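Student: following is a predicted model, sequence given first.
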Amino acid sequence: MNVDDEVRGALAQIESAAALYAVTEHHISRYQSVLSGYHPADRDTYACARLDAILTRTAFDHRTECDGVGCRTCDGLHEALTVAVASVRTMLDSDEGRSTHD
Ligand SMILES: [Zn+2]
């Protein structure tokens, strides 16, 4: 499976989950127009930063109402926060790598 196939498979899953949470095409197109205002090279960074902020807020909120024992949401948040920390560190490392070569 190539990366495009994986992304399309992931999109189908994400769209199914979004529908369960009452996300409409109107919400999506509004955010797509925000993203189109950014330079193409900055869109992923902006979207990741937004997602990381939402994930972080959700994780702090969930911790106030759940002790984590046997909770699948906590398992998912553990995995998502791991990916978030790793991706931001990797982004910073590559930015530093780039600036030392300027
Ligand atoms: Zn939980």
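Tutor: Noted; the coordinates are in hand. Residues are numbered from 1 along each chain as shown.
Student: ok, Ser94 to Glu15 distance?
Tutor: 30 Å (C-beta to C-beta, to the nearest Å). Bear in mind the C-beta positions are built from the backbone N, C-alpha and C, glycine included.
Student: ditto for Ile28
Tutor: Separation of Ile28 from Glu15 (C-beta to C-beta) stands at 9 Å.
Student: again with Thr73
Tutor: 20 Å.
Student: can you show me the helices along this structure?
Tutor: Assigned by DSSP state H, the chain shows helices spanning 3-20, 25-36, 40-65, 72-100.
Student: just send those helices back as JSON lines, with mean pLDDT too.
Tutor: Output for the helices of the chain, formatted as JSON lines (pLDDT from 0 to 100):
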{"stretch": "helix 3-20", "mean pLDDT": "92"}
{"stretch": "helix 25-36", "mean pLDDT": "95"}
{"stretch": "helix 40-65", "mean pLDDT": "93"}
{"stretch": "helix 72-100", "mean pLDDT": "88"}
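Student: got CSV for those, with mean neighbour count too?
Tutor: Converted to CSV, the helices of the chain look like this (neighbours: other C-beta atoms under 10 Å):
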stretch, mean neighbour count
helix 3-20, 10
helix 25-36, 10
helix 40-65, 12
helix 72-100, 12
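Student: to the ion, which of these lies closest?
Tutor: The closest of the helices of the chain to the ion is helix 72-100. By C-beta to the ion, the value is 3.5 Å.
Student: quick one, that closest one and helix 40-65 angle?
Tutor: Inter-element angle recorded for helix 72-100 and helix 40-65: 140 degrees (by axes from the mean of the first three to the mean of the last three C-alpha atoms, to 10 degrees).
Student: list the helices and strands helix 72-100 packs on?
Tutor: If you count contacts as 3 or more C-beta pairs under 8 Å, 6 or more residues apart in numbering; DSSP states H and E, helix 72-100 packs onto helix 40-65.
Student: quick one, the helix it packs on and helix 25-36 angle?
Tutor: With the same axes, to 10 degrees as the basis, helix 40-65 and helix 25-36 are set at 130 degrees to each other.
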